[in-house]
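> Got a sequence here, can you build the structure:
(one chain, ligands or ions: 5)
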Amino acid sequence: MDEFSFINSIKQSTYKQSTLLKGVGDDAAVFRQSSKDIVTAVDTFVEGIHFSRKTMDPFHIGNRALAANISDMAAMGASPVFYLVSIVIPSHWTEDELSQIYRGMQSLAKQYKIDLIGGDTVSGNELTISITVIGYAACGKARYRSTAVEGDIVFVTGTLGDSIAGYHILMNPGQFINKNYYYRRHQMPDPRVAFALELEDLQRVALNDISDGIANEAAEIAEASGVSITINYQQIPTSDSFSQFTVNQQRNWPLFGGEDFELLGAVPKRDWPLVQQAAQRTQTMVTEIGYVDIGKELVYLQEENGRKPLNKKGYTHFKQVKL
Ligand SMILES: Nc1ncnc2c1ncn2[C@@H]1O[C@H](COP(=O)(O)OP(=O)(O)OP(=O)(O)O)[C@@H](O)[C@H]1O
Ligand SMILES: Cc1ncc(C[n+]2csc(CCOP(=O)(O)O)c2C)c(N)n1
Ligand SMILES: [Mg+2]
Ligand SMILES: [Mg+2]
Ligand SMILES: [Mg+2]
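Residues are numbered from 1 along each chain as shown. Ligands and ions are numbered 1, 2, ... in the order given. This is a model prediction of the structure:
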């Protein structure tokens, strides 16, 4: 199959979004929007860095690549509407595998009613998928990392550390409880869009999605807002069967593991009940894990024996730490 028949094979025959004027098939896509704020992001997914053939099937690769981008929309309080896919394909990938990658994306796209409106196809050495996502936020309601204020409650959705646990089990096959749960959390994470949109009535909520681990993500909120954040270690939510992992893994994974694609947020105390109601309406678990303080843009970890600065350790490209 050549580049052009490949593009034809992945082109949607109809589009779901009524604002689209031109999708795949010209030099660029066109959509018209006047009443919403447009939110856009791009994230790249590379073989050997974000996945290997051991950790993901082609379907998961597509699904996970798009999920990471949709998660950035959730973190902005935006509803995803369009995506563009730039793909670098090594020659050994078969037509069937490529079509599975696109099926993985399409299944999420169907769930979120989003359209593939463009992209680029190139041959190359490492399978690389770079997805640009476009979303809409209600005017003035995009959520920024820079809006946390002293006295806010810090919360997180879901449970943390599951994705790296899934990765660990995939890489070290053996006796583990709830393997399929952990695989799913690593291979097909659920972005928290519904929950984030349900927060629309809140005047202020700082949000960040957890791609690199809460230590890093909390630091991003602290730096952007010019505040410090204290996380209470005991309150960090983990899944029921997490106790099967070693003491070190149980400690490090929820803080530094990353790729959970849960949301970390900060809201005024008075709005915490509204956050809990939004969580209930969208069947999302939400846990208070700390608070915002004035201070030096630092993150602290509170434990029984006191409070210490939490290193910005986590997944950082070019600088890898072993967990
Ligand atoms: N190469 C780049 N050129 C221009 N802007 C960039 C580049 N890389 C990142 N950015 C910008 O830096 C900011 C932070 O990006 P970052 O990728 O850390 O966020 P993220 O997508 O939430 O995290 P992750 O990539 O871990 O999912 C964003 O505004 C992003 O658009
Ligand atoms: C094969 C393989 N090796 C390592 C990892 C771990 N990993 C890779 S990227 C990343 C952070 C998010 O990246 P980004 O900042 O680009 O969003 C993490 C935790 C993996 N998933 N698969
Ligand atoms: Mg990014
Ligand atoms: Mg993000
Ligand atoms: Mg991202």
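> CA atoms for contacts and neighbours, from now on please.
Fine.
> Find the closest residue to ligand 2 in the stretch 51-200 of the chain.
Distances between the stretch 51-200 of the chain and ligand 2 by Cα to the nearest ligand atom are smallest at Phe51, namely 3.8 Å.
> From ligand 4, how far off is that residue?
Taking Cα to the ion, to the nearest Å as the measure, Phe51 falls 18 Å from ligand 4.
> Ok, Ala109 next?
As judged by Cα to the ion, Ala109 and ligand 4 stand 19 Å apart.
> hmm, back to that, looks like the residue of the stretch 51-200 of the chain closest to ligand 2 contacts Ile61 (just checking).
Yes: between Phe51 and Ile61 a contact is recorded at 7.4 Å, counting by Cα atoms under 8 Å.
> Comparing those two, which shows the higher neighbour count?
Ile61 (31 against 20; other Cα atoms under 10 Å).
> Give the phi and psi angles for the spatially closest residue to that one that is not a sequence neighbour, as a check.
What sits nearest to Ile61 in space, not counting adjacent residues and going by Cα to Cα, 6 or more residues apart in numbering, is Ile101, at 6.0 Å. Taking degrees, to the nearest 10, you get phi -60, psi -50 for the backbone angles of Ile101.
> and what of Glu3?
Per degrees, to the nearest 10, the backbone of Glu3 is at phi -50, psi -40.
> how near is it to ligand 2?
27 Å (Cα to the nearest ligand atom, to the nearest Å).
> For that residue, give me its contacts.
Glu3 makes contacts with Thr121, Val122, as judged by Cα atoms under 8 Å, 6 or more residues apart in numbering.
> in the chain, which spans are strands?
Using DSSP state E, the strands of the chain run over residues 20-22, 30-31, 36-46, 79-89, 115-123, 128-138, 153-157, 206-209, 228-232, 263-267, 286-293, 299-303, 306-309.
> Okay, now the sheet partners of the last one, with direction.
The sheet places strand 306-309 alongside strand 299-303 (antiparallel), with pairing taken from DSSP bridges.
> Could you check the angle the partner strand makes with strand 228-232?
30 degrees (axes from the mean of the first three to the mean of the last three Cα atoms, to 10 degrees).
> tell me the average confidence for strand 299-303?
Averaged over strand 299-303, pLDDT sits at 97.
> Stretch 43-52 too?
Averaged over stretch 43-52, pLDDT sits at 96.
> quick revisit: these two touch, right, the residue nearest to Ile61 and Met56?
No: in this structure, Ile101 is not within contact of Met56 by Cα under 8 Å, at 10.4 Å.
> can you pull the contacts of Leu109?
You called it Leu, but residue 109 is Ala. Ala109 neighbours (Cα under 8 Å, 6+ apart): Asp115.
> give me that answer again for 10 Å
Lys16, Asn63, Leu66, Ala67, Ile70, Pro80, Val81, Phe82, Tyr83, Arg103, Asp115, Leu116 (Cα atoms under 10 Å, 6 or more residues apart in numbering).
> now the residues you listed: which count as buried?
Buried residues within the contacts of Ala109, counting neighbours by 16 or more other Cα atoms under 10 Å: Asn63, Leu66, Ala67, Ile70, Pro80, Val81, Phe82, Tyr83, Arg103, Asp115, Leu116.
> For the chain, which residues are neighbours of ligand 4?
Asp72, Asp209 (Cα under 5 Å from the ion).
> Tell me where the chain has helices.
For the chain, the helices defined by DSSP state H cover 3-10, 58-75, 95-112, 162-171, 179-187, 193-198, 214-225, 247-256, 272-281.
> Tell me what Asn232 is bridged to.
Assessed by DSSP bridges, Asn232 has beta-bridge partners Gln302.
> quick one: contacts for it?
Counting by Cα under 10 Å, 6+ apart, Asn232 has contacts Val154, Glu288, Ile289, Gly290, Tyr291, Tyr300, Leu301, Gln302, Glu303, Glu304, Arg307.
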